[in-house]
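Engineer: Provide a 3D model corresponding to the input given below.
(chains A, B, C and D)
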There are 2 protein chains.
Amino acid sequence: MAITTKDIALLAGVSQSTVSRALNNSPLISQKTRDKIMKIAQEQHFQFNASARSLSTNKTHTVGVIFPDDYMDYGVNMYYGELHSQLRDSLEKRDMDLIIAFKENRYSKVDSIQRLITGRKVDGLIIAHNESTPEMLQLLHTTQTPYIFLHFQHEGDSTDQVNQVFSDQEKGGFLATKHLISLGHRHIACVSADAGHEFTLRRDGYKRALKECGIPYNEDLILYGDRTFQSGYNLMMEKEHLLEKITAITAHTDVMALGILEAMRMKNIKVPEQLAVVGYDDIELAHYFHPHLTTIHQPREQIASLACEKLLDLIEQKEPLEAQSISLEPELVIRESCGYVLT
Amino acid sequence: MAITTKDIALLAGVSQSTVSRALNNSPLISQKTRDKIMKIAQEQHFQFNASARSLSTNKTHTVGVIFPDDYMDYGVNMYYGELHSQLRDSLEKRDMDLIIAFKENRYSKVDSIQRLITGRKVDGLIIAHNESTPEMLQLLHTTQTPYIFLHFQHEGDSTDQVNQVFSDQEKGGFLATKHLISLGHRHIACVSADAGHEFTLRRDGYKRALKECGIPYNEDLILYGDRTFQSGYNLMMEKEHLLEKITAITAHTDVMALGILEAMRMKNIKVPEQLAVVGYDDIELAHYFHPHLTTIHQPREQIASLACEKLLDLIEQKEPLEAQSISLEPELVIRESCGYVLT
DNA sequence: CTGTTAGCGCGTTCAG
DNA sequence: CTGAACGCGCTAACAG
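Structural biologist: Below you'll find the predicted structure:
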């Protein structure tokens, strides 16, 4: 058995509550007994029993992160990996543990959020997926659970009533397209994905850029992949005719963009000379292969750390702060895949 | 407040322990009262308080995974991502939660294993890093904590006394080299990494293959990267002279191999015609770019699921099973980057 | 089959 | 400043 406060009490010749006070930096204790107790605790490698502690304090010192089911899919993974890395940092600073869960248990079908909340396994939740149901929000609110939506912008009317941190996807789609237009392109295909709200927003940005520049919108130029390298590649290999009609592509995922570049290599089409390509996400991989990918950078570091800090503040606060919706600006990163000028 | 067994007892007009029995599928209860209780529990969305439960059962229903600090580094990440995905599956089957932690808290410097174990936050540990100290093993054993080393082969004399699942790295290094030799190559560079035991083993395999085939070992042909794409790329761009002396490269990481391929594209050296390249890991990315990478497949799925199953068995067993060291066989995956024949 | 009674380890009154 | 006593929510004997 592990050592308990009671054991220490015995060793120190004091009561268990005194030990508790000493270990919790209570002011109600003399320096002398505190020192004695601390010393023993050190020697015995004492650690609080987390369950017992949670039971009486109602704090678990762990937060849950809910990832979407495709978290581990290639490419998606790339992006989340970096989020995760940032979370780790914020969490370590505050000595919090991290439970990773997914929307639901694929076997028992029980909802993870529900389980973690009502089972009191976490103090708060970072929700990084885009399927928020009214019931879920309901649960979050009635249980007063601190939570924050990460990355995915919450849809719906009550948008200002949920805590969320995300980057402006419409703006990103706009910036990418605008860049191509400013380079002289007028026939721009959009390789997007039918994978949720964020892609819809990116397409909205694409359309707005066209409109703003007086370029007619052509539905045929919108292609739908599934975010993966393979889909970017395949789309290009299949749609022969399309390439004759366009001079540029805005891909809504870096990995799809890489797939497109690979397809172009196969077809001996030079990028950026014959075709300009811009990606989205700015994953590390984007600047490895040549031509280095021009892309939209999402402020992952900021998103993750802001979300985490905000969540931890919510947890430490007694009274709930105002719900806050934070939108961060994406940024165009110019590298090589679009060239610099176009005649 | 969440609903408790006591509340249900009140509602059902029975004692709290009866509720507990009903909810825990005890046979010591009539179908009738069981039904009544279950119904109420359903209606009230009852969930056990995890802390209270752990406190009395000494089970947390969560396992910890300790990842190395570079978990999130590019490329390394790729590999772990797939491990993680497999873990999720095994864990969900048994209704276990997952706490992700790293070797130590970078701020407080406290050891995660120590903290999770003695703080009773987990029932067992999957340790996926290669820095095992004697103290750590000591702790694991004296506390009787179920654990298993994942992926990293434990060094040291007491190798058969720790639970571990890994793939045979020496064999992998051997297979890769042997393949190149069988294709006729005799001047084979080895792009390895100075990043732990596993790479030493891969180099050992390289050497053994050479030796077995009567090819003299030349230390100059061993290059050290840091596992990343960039290091593979840079190494090739810098060592001009090397390329004149060799016809093949065995890279000890797929991402380094991809970096090498990219460097070759820059130099207009054709792969596999002018240079054969074999990678290591078989990450998903490996078969996206052309030429598709010939590589060593590590049985990740098996490693992760075996480790997980084994750990869960250890957790459920009262008396500790024999420590088991499981070595899995890597496999050569022939694709395009080595060609099929060499004249 | 069911209720009563003890803890599990810790935080927290309430008296000294 | 310190100790005794209680409760957090649940499981596990122990009686009936």
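Engineer: the strands in chain A, which residues?
Structural biologist: A:62-67, A:97-102, A:124-127, A:147-150, A:164-167, A:188-193, A:222-225, A:248-251, A:276-278, A:295-297, A:325-328, A:331-333 (DSSP state E).
Engineer: off-centre distance for the third one?
Structural biologist: Using Cα atoms, centre = their mean, to the nearest Å, the mean C-alpha position of strand A:124-127 is found 11 Å from that of the whole chain.
Engineer: which intervals of chain A have sub-threshold pLDDT?
Structural biologist: Counting by pLDDT under 70, chain A has low-confidence residues at A:1, A:71-79, A:156-160, A:318-320, A:341-343.
Engineer: so which bits of it are right by DNA strand D?
Structural biologist: Neighbours of DNA strand D within chain A, by Cβ under 7 Å from any atom of the strand: A:13-18, A:21, A:27-30, A:32-34, A:52, A:55-56. For the C-beta atoms, the positions are set from N, CA and C on the backbone; glycine is no exception.
Engineer: show me which of these neighbour chain B.
Structural biologist: A:52, A:55 (Cβ under 8 Å from any Cβ of the partner chain).
Engineer: restrict the residues of chain A next to DNA strand D to the buried ones and give me that as a ChimeraX selection.
Structural biologist: In ChimeraX, this line selects whichever of the residues of chain A next to DNA strand D come out buried by 16 or more other Cβ atoms under 10 Å in any protein chain shown:
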select /A:14,18,21,29,33,34,52,55
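Engineer: what about the residues of chain A next to DNA strand D, which are in helices?
Structural biologist: A:16, A:17, A:18, A:21, A:32, A:33, A:34, A:52, A:55, A:56 (DSSP state H).
Engineer: quick one: which of those is nearest residue A:100?
Structural biologist: For residue A:100, the nearest member of these is residue A:55. The distance, counting by Cβ to Cβ, is 23.5 Å.
Engineer: find the nearest non-adjacent residue to the closest one, please.
Structural biologist: Excluding its sequence neighbours, the residue lying closest to residue A:55 (Cβ to Cβ, 6 or more residues apart in numbering or on different chains) is residue B:51, at 4.4 Å.
Engineer: for that neighbour, what are its contacts?
Structural biologist: A:50, A:51, A:52, A:54, A:55, A:60, A:120 (Cβ atoms under 8 Å, 6 or more residues apart in numbering or on different chains).
Engineer: for residue A:148, which non-adjacent residue is spatially closest?
Structural biologist: residue A:163 is the one closest to residue A:148 (Cβ to Cβ, 6+ apart), at 4.3 Å.
Engineer: phi and psi next, for the one you found.
Structural biologist: phi -80, psi 130 (degrees, to the nearest 10).
Engineer: run a quick neighbour tally on it.
Structural biologist: 24 (other Cβ atoms under 10 Å in any protein chain shown).
Engineer: now do it against residue B:242, distance only.
Structural biologist: The gap separating residue A:163 from residue B:242 is 55 Å, by Cβ to Cβ, to the nearest Å.
Engineer: please identify the buried residues of stretch A:84-95?
Structural biologist: A:84, A:85, A:86, A:87, A:88, A:90, A:91, A:92, A:93.
Engineer: between those, which is nearest residue B:248?
Structural biologist: Among these, and counting by Cβ to Cβ, the member closest to residue B:248 is residue A:85, at 35.3 Å.
Engineer: ok, residue A:299 - how many residues close by?
Structural biologist: 16.
Engineer: adding distance to residue A:201, write the contacts of residue B:51 out as a markdown table.
Structural biologist: Converted to a markdown table, these look like this (distance: Cβ to Cβ, whole Å):
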| residue | distance to residue A:201 |
| --- | --- |
| A:50 | 41 |
| A:51 | 43 |
| A:52 | 47 |
| A:54 | 40 |
| A:55 | 44 |
| A:60 | 35 |
| A:120 | 36 |
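Engineer: keep only those that also lie close to DNA strand C.
Structural biologist: Checking these against DNA strand C (Cβ under 7 Å from any atom of the strand), the matches are A:52, A:55.
Engineer: cheers, nothing more for now.
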